[in-house]
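Student: would you be able to build a 3D model of this:
(2 chains)
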Amino acid sequence: MAELNLPARVRFAPSPTGHLHLGGARTALYDFLIAKQTGGTFILRIEDTDTKRYIPEAEDELIKGLRWLGIEFDEGPGKGGPYGPYRQSERKEIYFEFAEKLINSGNAFYCFCTAEHLSKVREVQQKNKEPIHYDGTCRDLSVEEARKRIAAGETYIIRFRTPKTGTTTVRDHLRGDITVDNRVLDDSILVKSDGWALYHLAAMVDDHLMKITHVIRGSEWLPSFPLHGLICRAFGWQEPVWIHLSLFLKPSGKGKMSKRESAEAIKDGYSIFVKDLEDLGYTPEGVVNWIALMGWSYDDHTEFFTLEDLIDKFNLDRLNPSPAAINFTKLDHFNGLHIRNLSDEELAIRTKPFFESAGYAPSLTKLTQIAPILKERLPTLDEVVEIAGFFFKDIILYEAEDLIAKGLSKEQCAKVIEQAYETLTNLPEMTKDLAEPLLRNLVESSGYSARQVFGILRVAITGQKVSPPLFESMEIIGKETVLERLMKARKLLK
RNA sequence: GCCCCCAUUGUCUAGUGGCCCAGGACGUGGCCCUCUCAAGGCCAAAACACGGGUUCGAAUCCCGUUGGGGGCACCA
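Tutor: I've put the predicted structure just below:
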């Protein structure tokens, strides 16, 4: 139904006011997917007409976030393209020109109302429990008279002239036709008194000029959707396919993510910001898989998707219009899935920075070596330090009492360590194949359980009660260090 | 207050009139595997918001109610 055989031209149009968050990432992802899928074009457009909210670093952050996720744009700031410039701040004159066209066609009018007048009107309407509307003071001013006032130096804005009667019907790809009574529509401002266009005008003009075929945006735009349809029609333009994505709700399902909620999430090791997720040890693969599935499904059972899979399988017709509560524990699941899907070499590369920021300097070779036993124990990459730090420590620290297995005396445990040392010391090299049978014999002859014996050795060798498999770990640590650590443990129990 | 959107287990979802006393996944509980932790395997509990229609037959279509979400800026 979306005519996706044709190359799609889609755009992600954030305003540079902060970091890339989950909602934006998912919109950009879907844009990217249908562009790639149809051999089309993915455009990044920066909507920076609001100079008050502008944050200089934000554009760069946004692009970095997208890149980290694997989403590259074809046209945009810094990259160029045939329909630039791609920052709205560089297109001011274009919007003004189109606003004039609307004035001339009678679809817009100049307005000289002051902010004081407007707020007074709003106040009265609020008190009377009426819908809040522009009162129409300047609506019927003649263009000639208005231009005279402008020439005289009066400040003005430009408003859209919304029809007062009838209804407007617009079509959303997920929801079908949406019809509203024109009486509830407002004469929205198109151009501010400082000469900057507002979203309603700027976005419509750009989408048309940039030949956008599909507009994918959040459903917070639904209320102004009829206005946008009206603006396109006033210009006589063909409308794109409109797709309003469901909103992401906070984990409780009550309302969208607030600053407060974001702070809460960070405390639990989660975040709605892509940059944070990266620092927290999430993989782009996991995040992409997770957000792709919030509001979209492929079938009734397939859940594992790589970006490549998604380019192949994504389909606008399988989007779900209902709001979705964010579920971070499911992100953990997807992240684990994709970590296990990484090659040993790749996992080594990904975990290295986390070791480094914890003060270790592991080699890629060693990291690749431990990758197999780490893979299935990592919900997030940053946990490598806690799980596998002992591989890179010169000295491991633990309490003597940790060496004492449940049900055994200090002396008995010391004996176990001694015996382990004696058997292991004769080995030509410390391999799992050589060490394991011998230590299992030791378990047998000691009369203790494997759990008890290996528990003691685990603490002695790794310094941890929980660790990757003992024999594999011993092999990687090497004979010399293993024996050293056993010796120290034995002394500790004296 | 006004307008718009949405409504299947705790959560993400499949389901487009009979295949559904509702399928998958996360999470939860149990069991198995097991040197710890994981991973993996098996099993279990858990949902069609409510009320009216339409129809031989409704989770699926229509209406209403309720609930939830969003929007009502010289922000995007």
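Student: CA atoms for contacts and neighbours, from now on please.
Tutor: Fine.
Student: SS state for A:V180?
Tutor: strand (DSSP: H, G, I helix; E, B strand; the rest coil).
Student: list the contacts of it.
Tutor: A:167-169, A:226 (Cα atoms under 8 Å, 6 or more residues apart in numbering).
Student: doesn't A:E59 make contact with A:P16?
Tutor: Yes: in this structure, A:P16 is within contact of A:E59 by Cα atoms under 8 Å, at 5.3 Å.
Student: so for those two, which residues contact both of them?
Tutor: A:I46.
Student: put the buried members of the contacts of A:V180 into a ChimeraX selection.
Tutor: A single ChimeraX command selects the buried members of the contacts of A:V180 (16 or more other Cα atoms under 10 Å):
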select /A:168,169,226
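Student: just the ones of the contacts of A:V180 in helices?
Tutor: A:P226 (DSSP state H).
Student: close to RNA strand B, is the lowest-mean-pLDDT helix or strand in chain A?
Tutor: In chain A, the helix or strand scored least confidently by mean pLDDT, DSSP states H and E is helix A:259-267, which has a mean of 79. No: no part of helix A:259-267 sits near RNA strand B under the criterion Cα under 7 Å from any atom of the strand; the closest distance found is 11.9 Å.
Student: now swap in stretch A:393-410 and tell me
Tutor: No: Stretch A:393-410 is not in contact with RNA strand B by Cα under 7 Å from any atom of the strand; minimum separation 11.0 Å.
Student: touching that stretch from outside, list them.
Tutor: A:390, A:413, A:452-453, A:455-457, A:459-460, A:462-465, A:489, A:492-493.
Student: of all these, which two lie farthest apart?
Tutor: A:F390 and A:C413 (21.6 Å; Cα to Cα).
Student: from the centre of chain A, give me the residue that's furthest out.
Tutor: Using Cα atoms, centre = their mean, the residue of chain A lying farthest from its centre is A:S445. It sits 55.3 Å away.
Student: how about A:F390, nearest residue that isn't a chain neighbour?
Tutor: A:T462 (5.7 Å; Cα to Cα, 6 or more residues apart in numbering).
Student: can you check A:R87 too?
Tutor: Per Cα to Cα, 6+ apart, closest to A:R87 is A:I46, 4.7 Å.
Student: quick one: contacts for that neighbour?
Tutor: A:13-16, A:59, A:77, A:86-88.
Student: list just the nearest of those residues to A:P469.
Tutor: The nearest member of these to A:P469, counting by Cα to Cα, is A:E59 at 45.5 Å.
Student: hang on, that closest one in a strand?
Tutor: No: counting by three-state DSSP, A:E59 falls outside a strand, being helix.
Student: wait, isn't it in contact with A:L44?
Tutor: No: in this structure A:E59 lies outside contact range of A:L44 using Cα under 8 Å: 10.3 Å.
Student: let me see the domain layout of chain A.
Tutor: A:91-245, A:259-344, A:345-392, A:395-494 (automatic domain parsing).
Student: rebuild those domains as a markdown table, extending it with distance to A:A28.
Tutor: Below are those laid out as a markdown table (distance: least, Cα to Cα, whole Å):
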| stretch | distance to A:A28 |
| --- | --- |
| domain A:91-245 | 9 |
| domain A:259-344 | 11 |
| domain A:345-392 | 24 |
| domain A:395-494 | 38 |
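Student: about what we covered before: C-alpha coordinates for the least confident helix or strand of chain A, CSV please?
Tutor: Presented in CSV, the C-alpha positions along helix A:259-267 are these (Å, rounded to 0.1, in the frame of the first residue of the first chain):
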residue,chain,number,x,y,z
LYS,A,259,13.7,14.2,32.8
ARG,A,260,13.0,12.9,36.2
GLU,A,261,12.3,9.4,34.8
SER,A,262,15.5,9.5,32.8
ALA,A,263,17.5,10.2,36.0
GLU,A,264,15.8,7.2,37.7
ALA,A,265,16.7,5.0,34.7
ILE,A,266,20.3,6.0,34.9
LYS,A,267,20.5,4.9,38.5
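Student: what is the subsequent helix or strand relative to that helix?
Tutor: Under the assignment DSSP states H and E, the closest C-terminal helix or strand after helix A:259-267 is helix A:274-279.
Student: what's the helix or strand for the nearest residue to A:F355 once chain neighbours are set aside?
Tutor: Of all residues not flanking A:F355 in the chain, A:V385 sits nearest, at 5.9 Å (Cα to Cα, 6+ apart). Per DSSP H and E, A:V385 falls inside helix A:384-388.
Student: A strand includes A:I158, no?
Tutor: Yes: judged by three-state DSSP, A:I158 forms part of a strand.
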